[in-house]
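**Student:** structure for this input, please:
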Amino acid sequence: QVQLVESGGGLVQAGGSLRLSCRVSGMALSTYAMGWFRQAPGQEREFLATISTTGSQTYYGDSAKGRFTISRDNAENTVNLRMFSLKPEDTAVYYCAARRFSPSIARRDYDFWGQGTQVTVSS
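**Tutor:** Numbering: from 1, shown residues only. I've put the predicted structure just below:
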């Protein structure tokens, strides 16, 4: 049974940083590209970042460029998202997702999703 479990969310002041983690079980992480998305109330789920199976390729959405960094540790079955210079508009539920082989920026391409972790940035 495939499971993705996010952690690391919480309340942070504007300008602060957080590291989100996604622990994966029930699948061979090394064969899956991984992505991070977020969804704020009343908005569509937004692409943030994706990383290839080996970590050699990364792609970022406009909201994440220059402030967020995605990384992975296949041996530890984890994928991380480091977030810096956080803004109130970064407040959302953050999700990790997995798809076989190739990274993708499209939400519909992902096969497995975590339950999400709340990030709240206060002004």
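**Student:** which parts of this structure are strands?
**Tutor:** 3-7, 10-13, 18-25, 32-39, 46-51, 58-60, 68-73, 78-83, 92-100, 112-113, 117-122 (DSSP state E).
**Student:** compare the ones you listed and give me the one nearest residue 106.
**Tutor:** Ranking the strands of the chain by their distance to residue 106 (criterion: CB to CB) puts strand 46-51 first, at 7.4 Å. C-betas here are computed from N, CA, C, even on glycine.
**Student:** how far does the closest one sit from its chain's centre?
**Tutor:** Centre-to-centre, strand 46-51 and its host chain are 6 Å apart (CA atoms, centre = their mean, to the nearest Å).
**Student:** so what's the residue most central in space within the chain bridging to?
**Tutor:** Nearest to the geometric centre of the chain sits residue 36, at 2.5 Å (CA atoms, centre = their mean). Under DSSP bridges, the beta-bridge partners of residue 36 are residue 49, residue 96.
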